[in-house]
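Q: Compute the structure for the input listed below.
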Amino acid sequence: PLSDIAGVTRQVAVLAFQLGDGFTNVIVPTSAPLMATLGVCRIDWGDWAKFCWRFMLVLFAISSVVVVVAQLMGFS
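A: Below is the predicted model:
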């Protein structure tokens, strides 16, 4: 597996994937559930992006710290 080549434990690789997947599902305009929800609520994607970018930045920073700490602790 790629995580073994990169020197990362497999659990940390899965954690990083899950955090990245969840992060992108909330902001990417090609996400069908996001666009359906915004459509039902009659919210433009641009307005949504302006509203949530700061929160997403905070989540990204926290997630990055969690992944680094998990790797340093040898999470497995």
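Q: Please count neighbours and contacts with C-alpha atoms only from this point.
A: Noted.
Q: Tell me which helix or strand F17 sits in.
A: Secondary structure assignment for F17, by DSSP states H and E: helix 10-27.
Q: hmm, who's touching that helix?
A: Contacts to helix 10-27, defined as CA atoms under 8 Å, 6 or more residues apart in numbering, come from residues 3-4, 31, 34, 49, 56, 59-60, 63, 67, 70-71, 75-76.
Q: now do stretch 63-75
A: Residues outside stretch 63-75 that contact it (CA under 8 Å, 6+ apart) are 8-9, 11-12, 15-16, 19.
Q: let's see 10 Å
A: 7-13, 15-16, 19-20, 23, 57-60, 62, 76 (CA atoms under 10 Å, 6 or more residues apart in numbering).
Q: residues near A13, how many?
A: A13: 19 surrounding residues under other CA atoms under 10 Å.
Q: measure it to V26 for me?
A: 20 Å (CA to CA, to the nearest Å).
Q: can you check M73 too?
A: Using CA to CA, M73 is found at 29 Å from V26.
Q: for D4, same thing?
A: Distance of D4 to V26, given as CA to CA: 29 Å.
Q: So which of those two has more stuff around it?
A: V26 (16 against 10).
Q: Look through this structure and report the residue furthest from the middle.
A: Distance from the C-alpha centroid of the chain, by CA atoms, centre = their mean, peaks at R42 (24.4 Å).
Q: can you tell me which residues contact that residue?
A: 35-36.
Q: Go ahead and report the secondary structure state at it.
A: Classification of R42 using DSSP: H, G, I helix; E, B strand; the rest coil returns coil.
Q: Please state the backbone phi and psi of it?
A: Main-chain dihedrals, R42, degrees, to the nearest 10: phi 60, psi 50.
Q: Quick check, pLDDT for it.
A: Note on R42: pLDDT of 97.
Q: got it, and Q18?
A: Here the pLDDT value assigned to Q18 is 95.
Q: The one 4 residues further on now?
A: G22 carries a pLDDT score of 90 in this model.
Q: how far away is it from V65?
A: From G22 to V65 the distance is 16 Å (CA to CA).
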